[in-house]
Structure formats: C-alpha cells, structure tokens
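Engineer: Please find the sequence and the predicted model below.
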Amino acid sequence: RKEWERKLVESEERLRLSQISANIGVWDWNPSDGRFVATPELSRLYGDSQLTIMKYQDMQRKIVPEDLEKVEQERNDAIISRRSFDLEYRINYAEGDVRWLSSKGGAVYDENGEVVRVFGINADITVRKMAEDVLRRDKETLERMVKERSEKLLEIQIELERAKRLSDIGTLASTVAHELRNPLAAINMSSAIIRRKSKDKFVEGQLMNIDKMVVESDQIINNLLFYSRLRSPHLEDVGIYGVIDECVGNIIAQTKKKVEFARNYGVVEDVVLSADPLQLKEVFHNLLHNAVDALPDIDGRIEIRAEDNADHVRIQFKDNGHGIDAQHMERIFDPFFTTKAKGTGLGLTVCSQIVNMHGGRIGIESEAGKGTS
C-alpha cells in the first residue's frame, strides 16, 4: 500500500508539472449536484490564487460578459448533441488585464442519456491570439500595399500607352503642320491681295472670316506642335509685365469681337521672374484665346489682374462668357478634351504642363452662364 501511495504521489507530481509546463488546468463538474473538482493550475490560469476556482460558477464569473452568453450556448449545444466542445474566450485575469483561454472537453452520459459529468482542459492562448492579431494586421497591410501597387502599375501602364500615343501624335503633328502651313500662307496672301484690289463690303466681310479661320487653324497647328515638342523651360530673367502686355496686345489685334479689356496688372510692372519667356507667352496666349472664344458677340469683357505676393506672382484672366459646366471641370486640363465644336483640346493641357514645369500652380473657377477665371 505504501508503495502504491508513493507512486500515486509521484504520478500526481508529474501531472502537476506537466500541467504547469503546458500552461493548462483540468476540471470536472457534475451538473446535477454541482460537485466540482479542479487542479490547482486552473486557478492560476484564471488569475486567482490556488484553489479559488472551487465551483463551475467561479469560472463563469471570470469570463468577459460579452463572451459569456456565447460560451455557455456553444458548450450546451455540444453537450446536447453529444459532441466535444472547443471554445475560445476572454477572461478578466486581473484588473486591466484581459487574457484569452481555450476550453476543450466533453460530457459523460449514463444509460438513460443523462449527463453525469462535464470535463474540460483549459489553456492560456493569449500569446497565440496576439500573434494572430499581428498576422491579421500584416495581412491587411500587405493586401493594401498590393492593391496600391497594382493601381500604381495600372496608372503607369496607362501613362506609357498615353506617352506612346502622344509620340505618334507628335510625328503626325509635324507632318500635318508642314503640309497645312504652306496652303494657309497662300490663303492668307491671297486674302491680302483681294483686300487691296476690292472695296466691296460683302467681300471684305468674307475676307474677315477667312482671316479668322486662318488664325484659328494656325493656333491649332501651334498647339499640336507645342504639345508634341514640350521641353523643359529655358530659364532667364523675364519682365512679366511686358510678356502679359504683349500677349494682350496680340489678342486685341487678332479678335474681331467687340471686347472690353480691363488691364489691372500694373502692380507687376517692375517684377522680374526666372522663366521661359516663350512658354509663358504660350500660356497667356492660350488663356486669352479661350477667354475670347467664350465671350458673347457683344458686351464681352476680359479682366487681366495681377498680384505681387511675397513668394509668387498671381495672374488672373477673368471673362464674362458662357462658363463651364460642373460636369466638365474635372477633365478641363486633360489632353484632347474640349467642349468646343472645333479645336484640339490641347490649349489648357499645354498651359498646365508649362506652369507645373515652372514650379507654379494653375487653377480654374467657373459657373455656367456667368464666366470663367
């Protein structure tokens, strides 16, 4: 008997050491009379001193309230259906310290199918749960990065395709410009000869239309060529007032509409910028040309205003034309997008690229029927 008692003590000691090593606790509960047996390690798992988990309700009171109903429901369902249960839930281990436990077990039934014992093994799985959270966050981060990179690659692919199309357009534009400029020059010269020879008012009106069409055609060719050959700016000291004034003078000479030009840019008369004068002229000419096109035939007005700020110059071209519909505002700087019956849709695209290459910003405000700035 003593030998068997010694072996029993050794066996229990080994069992206790194995439970401590595995960080588990074992319990056995009789639902009919409430009898509950548990190893001391079970109390340690729940954050209490040894032998404080003395009944089944002691385990329940430690479970986080949000998890308790689900845990009991799943355990009862498993027992009723005669299968083992495998639960995971949170416990209030100590004040401000929440941990995760797993509970695996089952039930023993008598010959009538009544439950006589429910047993379980509990283990601390907090570290595993923390690792799962890290892995889930890493997975979400990786998925987001892959999505962002895929979208970026798609954008790059679209840009490459657009660049190829623009390269083809550049080649085409050079050919078109060469083929069209000669006949346009001949038309312009013939118009000038007819104007000198004829004094007929009807003929003069038709000649004015011809001149207008020649100017518009020439501008389309210029935009095509300028866009296809756009290069980095050749910076030099530029008197911004003179550039604006020259462009306004040119547009006044070209337009046949009765337009009031309000020149309010004298504040930059002595301002010198580091810029490419040819590219700035292209910007101002395109903006003024668009403004004139948008004006009504009578009572048209364009205001050119300038501000000299501490770190930048702000130039505004404001017209009282038909304005731009809200649905078109987002695409207004896109290549080849235009709401005009004729034109390439490159004018504002050229303006945007030139301004960006100069380290500046270009913006647009418009309201249908009230004009554009």
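Structural biologist: Ah, there it is.
Engineer: helix or strand for the residue nearest to the spatial centre of the chain, which one?
Structural biologist: Against the mean C-alpha coordinate of the chain, by Cα atoms, centre = their mean, the closest residue is E148 at 9.2 Å. Here E148, judged by DSSP states H and E, is contained in helix 126-197.
Engineer: Let me see the mean pLDDT of that helix.
Structural biologist: Helix 126-197 shows a mean pLDDT of 82.
Engineer: Phi first, then psi, for K104.
Structural biologist: Backbone torsions for K104, taken as degrees, to the nearest 10, come to phi -120, psi 140.
Engineer: Burial check on V268, number of neighbours?
Structural biologist: By the criterion of other Cβ atoms under 10 Å, V268 has 20 neighbours. From N, CA and C alone the C-beta is placed, and that goes for glycine too.
Engineer: where does the closest residue to it other than its chain neighbours land in three-state SS?
Structural biologist: Among residues not flanking V268 along the chain, A306 sits closest, at 4.5 Å (Cβ to Cβ, 6 or more residues apart in numbering). Recorded secondary structure, A306: strand (DSSP: H, G, I helix; E, B strand; the rest coil).
Engineer: swap in the one 10 residues further on?
Structural biologist: Look at Q316: counting by three-state DSSP, its state is strand.
Engineer: okay, and for this protein, where does confidence drop off?
Structural biologist: In the predicted model of the chain, residues 10-22, 49-51, 162-163, 166-167, 169-170, 223, 226-230, 336, 339-345 satisfy pLDDT under 70.
Engineer: Do a quick rundown of the helices in it.
Structural biologist: Along the chain, the segments classed as helices by DSSP state H run 2-22, 40-45, 56-62, 65-80, 126-197, 201-228, 240-254, 277-294, 347-357.
Engineer: if we can go back for a sec, tell me what the residue nearest to V268 is bridged to.
Structural biologist: I315 (DSSP bridges).
Engineer: can you list the helices of the chain in TSV and add distance to D33?
Structural biologist: Formatted as TSV, these follow (distance: least, Cβ to Cβ, whole Å):
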stretch	distance to D33
helix 2-22	25
helix 40-45	20
helix 56-62	11
helix 65-80	17
helix 126-197	33
helix 201-228	91
helix 240-254	98
helix 277-294	93
helix 347-357	84
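Engineer: Please name whichever of the ones you listed is nearest to I302.
Structural biologist: Set against I302 and scored by Cβ to Cβ, the helices of the chain come closest in helix 277-294, at 5.0 Å.
Engineer: ok, now which ones touch I315?
Structural biologist: Shown in contact with I315 (Cβ atoms under 8 Å, 6 or more residues apart in numbering): 240, 244, 265, 268, 284, 304-307.
Engineer: 10 Å - rerun?
Structural biologist: 240, 243-244, 265, 268, 280, 283-284, 287, 304-307, 360, 362 (Cβ atoms under 10 Å, 6 or more residues apart in numbering).
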